[in-house]
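Undergrad: this is a predicted model, with the sequence first.
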Amino acid sequence: MLAFSTSSSAAVMPLTLKTAEEELKIQPSVARFVIPLGTTINMDGTALYQGVATVFLAHTAGMDLNISSLLLIVITAVGASIGSPGTPGVGIVILTGLLTNLGVPTTGIALILGVDRILDMCRTAVNVTGDLTASVVMDRWLSMGDSRGSHPATVTNEEVAE
């Protein structure tokens with residue numbers, strides 16, 4: 001709910017860390033590595049939004065997109081989302097650059113400006129959920145390689161004595 005209401009994955013990162021460690025029981029070393037990294041580069045909601053919005057605005061402008069244009073949209077949207085800050089409203093700025101790069105009129109942005117805040121809230125929730133999911137996957141993956149069935153960082157006194 002905090003991620004949804006703030007539209008900022010950076011602002012909600014302390015709560016995301018707390019949730020990962022306390023609620024999801026993720027090893028702190030894993031959570032403290034994956035969550036900040038994910039907050040910086042894991043912007044899957046933003047990448048999806050950029051792609052869908054670009055295709056939508058290109059079609060409303062009457063442009064036909066071929067497969068190479070669609071591939072360019074995907075590559076550019078993913079690349080731009082990785083470098084985007086976790087702050088509200090940045091999606092419109094990135095979208096403007098993407099549209100300009102493809103030759104789509106940027107005046108179409110006015111069509112989505114009215115709902116962008118709601119979309120931004122949803123994107124942030126997707127991004128934070130992705131960060132938590134990546135933490136769980138990484139934690140479970142690291143635990144699989146441990147013959148004791150516990151976290152790799154957990155060592156008992158008996159094991160140290162051996």
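TA: Noted; the coordinates are in hand. Numbers count the residues shown, from 1 in each chain.
Undergrad: next one: the residue most central in space within the chain relative to residue 54, how far apart?
TA: By CA atoms, centre = their mean, the mean C-alpha position of the chain lies nearest to residue 43, the distance being 2.4 Å. Distance from residue 43 to residue 54, counting by CB to CB, to the nearest Å: 15 Å. From N, CA and C alone the C-beta is placed, and that goes for glycine too.
Undergrad: coming back round to it: the residue nearest to the centre of the chain and residue 124 touch, don't they?
TA: No: using CB atoms under 8 Å, residue 43 is not in contact with residue 124; the gap is 9.4 Å.
Undergrad: what's the burial count for residue 33?
TA: 13 (other CB atoms under 10 Å).
Undergrad: give me the element it is part of.
TA: Assigned by DSSP states H and E, residue 33 belongs to helix 28-41.
Undergrad: show me what the very next helix or strand once past that helix is packed against.
TA: Per DSSP H and E, the first helix or strand lying C-terminal to helix 28-41 is helix 44-60. Contact analysis of helix 44-60 by 3 or more CB pairs under 8 Å, 6 or more residues apart in numbering; DSSP states H and E lists helix 67-82, helix 90-102, helix 109-144 as its packing neighbours.
Undergrad: that older thread, ok, now how distant is the residue nearest to the centre of the chain from residue 123?
TA: Counting by CB to CB, the separation of residue 43 from residue 123 is 8 Å.
Undergrad: repeat that for residue 74.
TA: Separation of residue 74 from residue 123 (CB to CB) stands at 17 Å.
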